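# Here is a sequence with its predicted model. Questions after.
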Amino acid sequence: MTYQHILVALDLSDDSKLLIDKAISFAKLLNAEISLIHIDGAIGEIYPDLVDIQANPDHRPLTEHSNKRLRELQKYTDFPIKHFYVGTGDLSNKLEKTISDNGFDLLICGHHHDLVSRVLSYSRSLINHSPIDILVVPMP
């Protein structure tokens, strides 16, 4: 299978750069597009829709600290990013519609190997809800 549009699920840590780098390496090999997504689950479901901050750069949907980190991740690479979706709530609940609306065919996410991630794994929830292939990258 050849992937055409890769979606990368990011948190706001520097570890997200590893996921972006991994997506870029695949995209270059496959001549695919890349889009990014960040869902802030800590503040609940403030609004149901996702904001594409790539298309609407003046729209800042999260806290100032979070928005600053999002801008840093946007500027991290020169590789073209098609969309950068930002929202609140639960990523796994927003996946199916986001994927079907945009034609994504590969989801890349990270998984930390620590005690908290073993108990509360976000990757497991994504795996259970994703209608497309997933690459789970082990994070340091």
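Structure's in. What do you need? Remember, predicted model here, so these are calculated numbers, not experimental data.

# what's the distance between Cys109 and Ser16?
10 Å (Cβ to Cβ, to the nearest Å). Bear in mind the C-beta positions are built from the backbone N, C-alpha and C, glycine included.

# Going toward the C-terminus from the lowest-mean-pLDDT helix or strand in the chain, what's the next helix or strand?
Ranked by mean pLDDT, DSSP states H and E, the weakest helix or strand in the chain is helix 115-119, scoring a mean of 50. Note on helix 115-119: by DSSP states H and E, the next helix or strand toward the C-terminus is helix 122-129.

# what helices or strands is the helix or strand that comes right after that next one leaning on?
Sequence-wise, the next helix or strand downstream of helix 122-129 (DSSP H and E) is strand 133-139. With contacts taken as 3 or more Cβ pairs under 8 Å, 6 or more residues apart in numbering; DSSP states H and E, strand 133-139 sits against helix 16-30, strand 106-112, helix 122-129.

# what would those look like in CSV with mean pLDDT and mean neighbour count?
Below are those laid out as CSV (pLDDT from 0 to 100; neighbours: other Cβ atoms under 10 Å):
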stretch, mean pLDDT, mean neighbour count
helix 16-30, 96, 16
strand 106-112, 87, 21
helix 122-129, 73, 15
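
# can you redo these as TSV with distance to Asp78?
What follows is the helices and strands packed on strand 133-139, written out as TSV (distance: least, Cβ to Cβ, whole Å):
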stretch	distance to Asp78
helix 16-30	10
strand 106-112	19
helix 122-129	28
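
# Relative to Tyr3, which of those is closest?
Closest to Tyr3 of the helices and strands packed on strand 133-139, according to Cβ to Cβ: strand 106-112, at 4.3 Å.

# Now do that closest one: which elements does it pack against?
strand 5-9, helix 16-30, helix 122-129, strand 133-139.

# now the second one against strand 5-9, angle please.
What that stands for is helix 16-30. 170 degrees (axes from the mean of the first three to the mean of the last three Cα atoms, to 10 degrees).
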